[in-house]
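Novice: predicted model and sequence below, questions to follow.
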2 protein chains.
Amino acid sequence: MELAQFGIDDTGETHRVAFSDADIEGRKWMMGQMQDAGMDVHIDFAGNIIGRRTGTDSQLKPIGFGSHIDAVPNGGNYDGCVGSMGALEVMRTLEENNIKTRHPLEMIIFSNEEGGVMGSRALVGELGPDALRVVNSTGYSMGEGIQRIGGDTTRLADVIRPKGNMKAFLELHIEQGANLERDDLDIGIVEGIVGLQWWDVRIKGFANHAGTTPMNMRQDALLSAAKFILAVNEITNSMEGSQVGTVGRINALPGAPNVIPGEVVLSLEIRDLSEERIYVLYNKMVERAREIGEAMNTEFSFHPLDATAKPAFMDATIKSAIEANCKSLNLSYQYMPSGAGHDAQDMARITPTGMIFVPSKGGISHSPKEFTSAEDMANGASVLLQTILALDKD
Amino acid sequence: MELAQFGIDDTGETHRVAFSDADIEGRKWMMGQMQDAGMDVHIDFAGNIIGRRTGTDSQLKPIGFGSHIDAVPNGGNYDGCVGSMGALEVMRTLEENNIKTRHPLEMIIFSNEEGGVMGSRALVGELGPDALRVVNSTGYSMGEGIQRIGGDTTRLADVIRPKGNMKAFLELHIEQGANLERDDLDIGIVEGIVGLQWWDVRIKGFANHAGTTPMNMRQDALLSAAKFILAVNEITNSMEGSQVGTVGRINALPGAPNVIPGEVVLSLEIRDLSEERIYVLYNKMVERAREIGEAMNTEFSFHPLDATAKPAFMDATIKSAIEANCKSLNLSYQYMPSGAGHDAQDMARITPTGMIFVPSKGGISHSPKEFTSAEDMANGASVLLQTILALDKD
């Protein structure tokens, strides 16, 4: 609630998009908290806040953990913040109890997660010049934003962590879905972060007068689109698993009540832990589209969009450690995929990674209505702490 | 083809939207042709071009006929023009053959048909101040346009024709559908001009993260919309007849590939010769929407739009006269509704009215690709002439 003050408006809602004044103030406050918890704190060239705590064996690789404190426009106070404050609480608890770990610990507040997992992409060497030109709702580009929050775009190469540089990485996060709440569970052990693929689907029919063209002589692109939207849903549901398929955007042309739509463009998104399965589903949808097109005298075409994320799998040892600690803390849990992207998705490229989910009330996220109870947050932080200590033994 | 020169561009396509310079030039040319055919020509206060030819009995009411020469933006050379040139040809033929009718004849080139049947609405007293403020693609309002083409908006009341003021009204027009071509018929005898009703249909779901919201926990407004679009089609096709139901416009919010649509607004148009049937269909659709909404956890609401046209029935005596003349001219024909609106729809309010359709190639209209063969146009003009002569006997 202290962190939520940075960017709060008259209605009590918080606005803290990356690079905003509120973001900069919030980061400053967070760095103070981290210093007070005994960490050696600095901002890296990508704007990530790094807080280090030495271990008893300086030869060992650091165990990393953290999340982000920036938010989407009109977002809430839990996405990212729970994992960030949870990480801080872990460090405080270790300090208050004079516990020294063998491994050095590294708490990371990733910069600009919501604008394209900027900080973690920089750490794994995936933040290219195109990304730096992307402007967010503050009006600043990523390049300008990095300078603004204390980074240095000319030295991004220096922040890249080679593979094997860390012992492990852990992220505590809200679920952003309603599975845990529905099943009354305390903790979600993330199996993997789903990959996603986007397409534009174009449907060509023939625009004609809606009054003079009989029903049986129409080439109605929107009617074909409607059949395809149902097919996407049906095909996605036809397989066991947690894959999702979504049509979120649709445009019918010419778009007048008295003209039969001659063309429709709609978006298709498929997410799954298995990239192969994404394409199995996609191929079924393409096949069904061909059938619909033939039956309705319309023509479908599929155009991939540049918004691909590869699935990332969480480390088996870490998942087991999380499970063991849920049991010893007497917390109920389930294994589950993450449908949303996270900094952990990038970190998994360079180090064994794990994610701990806590329930989101009503599954609501990216909204001022986001909520997770104090008890659930405490549970998550406890699991995070115990998992770090477990990994530290090895 | 002479008329098509007014507004022709480098590509050979003609642009003659009402109130444009091309419209004014085309009207001037048409008035010259009408004078050359022996008519007494004037522009009425609503901008209609009226050409009168006296009859042998001045006590008798005039027989009216005509159509329009203005076009939709990017339109063709046949919609309106076929009936206008056909009417001119009738007058020329009578003049050349020294045929005197008993009734006075009145050829009418209605002003701004495509912008809302302006001229005919004025004649039946339905052109109100709201309509006069409507601006078309030329940038002129109807009020400005009427002044521009030689009318006078302050004297519109003087052009109103009381009911019973005319003996009959006839309009020759292209079908704008593909029924006649498909069935290889020469003439369509219009039974009536369909009424239409528009609604905005709003579907409320719940916008949520497309990655983290499982398929079975979604309130996807677009999925409900897809089911409704199919239901509109199915219900429209479930009854015998020539009714049409169309969803031509759709908008899904927020409209991003990675967000489940929380709201959809789409247009619903139903047309039929029977207003009662329009509501029978509508009520079935509302009932189905309720079922879809319940099953999908979404909520439908229906909002009528102000674009209602009442069905207009063609006169039985005139239909019989057209049929008899088709037979005597050895032309094939069928009775059919008009799915598009026409000036004849207004004229039917004040006088017995008939419409004669000729085939449209491929059913294409409101497009530069509009085409009707010279033979078909000649057939239509012959039927028009013979029907006028038949009505004149009575």
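Specialist: In hand now; what should we look at?

Novice: break down the stretch 101-250 of chain A into its strands, ranges please.
Specialist: A:105-110, A:168-174, A:187-193, A:195-204, A:208-209, A:244-246, A:250-253 (DSSP state E, counting those that start in this stretch).

Novice: partner strands of the shortest one, with direction?
Specialist: Read that as strand A:208-209. strand A:259-260 (antiparallel) (DSSP bridges).

Novice: any idea how far the partner strand is from the chain center?
Specialist: Here strand A:259-260 is found 40 Å from its chain centre; the criterion is C-alpha atoms, centre = their mean, to the nearest Å.

Novice: after that strand comes which helix or strand?
Specialist: strand A:263-272 (DSSP states H and E).

Novice: and the helix or strand following that next one, C-alpha only, in PDB?
Specialist: Using DSSP H and E, the helix or strand that follows strand A:263-272 in sequence is helix A:275-296. Taking Å, rounded to 0.1, in the frame of the first residue of the first chain, the C-alpha atoms of helix A:275-296 are listed here in PDB:
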ATOM      1  CA  GLU A 275       4.700 -25.000 -29.700                       C
ATOM      2  CA  GLU A 276       3.900 -28.100 -31.600                       C
ATOM      3  CA  ARG A 277       0.400 -28.200 -30.200                       C
ATOM      4  CA  ILE A 278      -0.100 -24.600 -31.200                       C
ATOM      5  CA  TYR A 279       0.500 -25.700 -34.800                       C
ATOM      6  CA  VAL A 280      -1.600 -28.800 -34.400                       C
ATOM      7  CA  LEU A 281      -4.500 -26.500 -33.400                       C
ATOM      8  CA  TYR A 282      -3.700 -23.900 -36.000                       C
ATOM      9  CA  ASN A 283      -3.600 -26.500 -38.800                       C
ATOM     10  CA  LYS A 284      -7.000 -27.800 -37.700                       C
ATOM     11  CA  MET A 285      -8.400 -24.300 -37.900                       C
ATOM     12  CA  VAL A 286      -6.900 -23.700 -41.300                       C
ATOM     13  CA  GLU A 287      -8.500 -26.900 -42.500                       C
ATOM     14  CA  ARG A 288     -11.900 -26.000 -41.100                       C
ATOM     15  CA  ALA A 289     -11.600 -22.500 -42.600                       C
ATOM     16  CA  ARG A 290     -11.000 -24.100 -46.000                       C
ATOM     17  CA  GLU A 291     -14.200 -26.100 -45.600                       C
ATOM     18  CA  ILE A 292     -16.200 -23.100 -44.400                       C
ATOM     19  CA  GLY A 293     -14.800 -21.100 -47.400                       C
ATOM     20  CA  GLU A 294     -15.800 -23.800 -49.800                       C
ATOM     21  CA  ALA A 295     -19.300 -24.200 -48.400                       C
ATOM     22  CA  MET A 296     -19.900 -20.400 -48.200                       C
END
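
Novice: in helix A:275-296, what's buried?
Specialist: A:275, A:277-278, A:280-282, A:284-286, A:288-289, A:292-293, A:296 (16 or more other C-beta atoms under 10 Å in any protein chain shown). To be clear about C-beta, it is placed using only N, CA and C from the backbone, and glycine gets the same treatment.

Novice: packing partners of that helix?
Specialist: For helix A:275-296, the elements it packs on are strand A:195-204, helix A:221-237, strand A:263-272, strand A:299-309, judged by 3 or more C-beta pairs under 8 Å, 6 or more residues apart in numbering or on different chains; DSSP states H and E.

Novice: just put these in CSV and tack on mean pLDDT, mean neighbour count and distance to B:Arg133.
Specialist: Below are the helices and strands packed on helix A:275-296 laid out as CSV (pLDDT from 0 to 100; neighbours: other C-beta atoms under 10 Å in any protein chain shown; distance: least, C-beta to C-beta, whole Å):
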stretch, mean pLDDT, mean neighbour count, distance to B:Arg133
strand A:195-204, 94, 20, 38
helix A:221-237, 98, 23, 32
strand A:263-272, 96, 24, 33
strand A:299-309, 85, 14, 42
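
Novice: count of neighbours near A:Glu89?
Specialist: As a burial measure, A:Glu89 scores 19 neighbours (other C-beta atoms under 10 Å in any protein chain shown).

Novice: get me the contact residues on the stretch 101-250 of chain A for chain B.
Specialist: A:175-179, A:182, A:194, A:196, A:198, A:208-217, A:220, A:222-223, A:225-227, A:229-230, A:233, A:236-237, A:242, A:244-250 (C-beta under 8 Å from any C-beta of the partner chain).

Novice: apply 6 Å and report the result again.
Specialist: A:176-178, A:198, A:209-213, A:215, A:217, A:222-223, A:226, A:229-230, A:233, A:236-237, A:244, A:246-250 (C-beta under 6 Å from any C-beta of the partner chain).

Novice: list the contacts for A:Gly38?
Specialist: For A:Gly38, the contacting residues are A:Glu95, by C-beta atoms under 6 Å, 6 or more residues apart in numbering or on different chains.

Novice: can you tell me the element it falls in?
Specialist: Using DSSP H and E, no helix or strand contains A:Gly38.

Novice: could you check the distance from it over to A:Ile99?
Specialist: 11 Å (C-beta to C-beta, to the nearest Å).

Novice: in terms of mean pLDDT, which of the strands of the stretch 101-250 of chain A ranks lowest?
Specialist: Between these, the lowest average pLDDT goes to strand A:208-209, which shows a mean of 88.

Novice: who's in contact with it?
Specialist: Under C-beta under 6 Å, 6+ apart, the answer for strand A:208-209 is A:Ile260, B:Gln176, B:Ser365.

Novice: go again using 7 Å as the cut-off
Specialist: Contact with strand A:208-209 is made by A:Arg218, A:Val259, A:Ile260, B:Gln176, B:Gly339, B:Ala340, B:Gly363, B:Ser365, B:His366, as judged by C-beta atoms under 7 Å, 6 or more residues apart in numbering or on different chains.

Novice: once you drop chain neighbours, what's closest to the first one?
Specialist: Sequence neighbours aside, A:Ile260 is the residue nearest to A:Arg218 in space, at 5.4 Å (criterion: C-beta to C-beta, 6 or more residues apart in numbering or on different chains).

Novice: ranking the strands of the stretch 101-250 of chain A by mean neighbour count, which comes first?
Specialist: strand A:168-174 (a mean of 29; mean count of other C-beta atoms under 10 Å in any protein chain shown).
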